[in-house]
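A.B. asks: next one to model:
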Amino acid sequence: MTRFWKVSRPIVAVLLTALLLGNASAFAADDEEEIDIAGQYSCFGGGLGGGAYTGKVVIIKTGETYRVQWKLASGEAHVGVAIREGDILSVCYMGKQAAGVVSYKIDKDKHGPRLVGRWASLGDKKTQSETLTRGPVPSPAKQQTPSFTSIEAGLLELPAS
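C.D. replies: This next block holds a predicted model:
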C-alpha cells in the first residue's frame, strides 16, 4: 500500500488541483451575470456603397432563441432568428429584398446593452457594420425613424415606442 501511495500521490495532487481550479472557474463564470439583451434599440449602420442608415430594432427572447426585427428609416423591414453564445449574438435575417447574416458582439454601455456587429446579405462579397444601442436614434442625416406600430409584408406586430 505504501508503494501505491508514493506513486499515486502526485497523480492525486494533480487531479485535486485540476478539480479545484475547474470549480473555481465555474464559480467565476456563475458570478458573471449574462446581459439581458431583450428590448428596443436604435440602429446605425453602413450600407453597401458607403451610405449610412438608421432605424429601430426589437430583440425578443423566445426560449433558447431570439426574434430580431428591424425597421429602417427608409421603410425597409427585416425579421430574423438568432442564437446567443456568451457575448455573441448570431442572426439570420430576411426581408422583401434581402436575406443574410449578422454577428453582434454584446457590450455593456451606460444606457444598457450595446451590440456591435458585422453583416452581409446573400451574394455580398464584403461585410458592413451595424451598431445597436438603447436610446435615441443617432442620425448623421435628417432622417425620420418610423414608429414600431407595424412591420410591412405581414411580419410581426411590434409594440409602439
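
A.B. asks: can you pull out the strands in this protein?
C.D. replies: Using DSSP state E, the strands found in the chain span residues 39-46, 52-62, 65-72, 77-85, 88-95, 99-109, 112-121, 128-133.

A.B. asks: helices and strands around the last one, which ones?
C.D. replies: Contact partners of strand 128-133 among helices and strands, from 3 or more CB pairs under 8 Å, 6 or more residues apart in numbering; DSSP states H and E: strand 39-46, strand 99-109, strand 112-121. C-beta here means a position set from N, CA and C on the backbone, and glycine is covered the same way.

A.B. asks: format these as CSV; extra columns: mean neighbour count.
C.D. replies: Below are the helices and strands packed on strand 128-133 laid out as CSV (neighbours: other CB atoms under 10 Å):
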stretch, mean neighbour count
strand 39-46, 18
strand 99-109, 17
strand 112-121, 19
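
A.B. asks: columns mean pLDDT and distance to L89 on top of the ones you listed, output as a markdown table?
C.D. replies: Output for the helices and strands packed on strand 128-133, formatted as a markdown table (pLDDT from 0 to 100; distance: least, CB to CB, whole Å):
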| stretch | mean pLDDT | distance to L89 |
| --- | --- | --- |
| strand 39-46 | 94 | 12 |
| strand 99-109 | 95 | 4 |
| strand 112-121 | 95 | 6 |
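
A.B. asks: Serialize those to TSV and add fields for distance to R67.
C.D. replies: Output for these, formatted as TSV (distance: least, CB to CB, whole Å):
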stretch	distance to R67
strand 39-46	12
strand 99-109	14
strand 112-121	15
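
A.B. asks: out of those strands, which gets nearest to E64?
C.D. replies: Proximity to E64 (CB to CB) singles out strand 99-109 among those, at 16.1 Å.

A.B. asks: strands paired with the closest one, and their directions?
C.D. replies: Pairing partners of strand 99-109, with direction, according to DSSP bridges: strand 88-95 (antiparallel), strand 112-121 (antiparallel).

A.B. asks: give me the contact list for that strand.
C.D. replies: Applying CB atoms under 8 Å, 6 or more residues apart in numbering, the external contacts of strand 99-109 come out as 35, 37, 80, 84, 87-94, 113-122, 124, 130, 132-134.

A.B. asks: so it versus strand 128-133, what angle?
C.D. replies: Here strand 99-109 runs at an angle of 40 degrees relative to strand 128-133 (axes from the mean of the first three to the mean of the last three CA atoms, to 10 degrees).

A.B. asks: now do stretch 115-131: distance from first to last residue.
C.D. replies: Its start and end residues considered, stretch 115-131 measures 6 Å (CA to CA, to the nearest Å).
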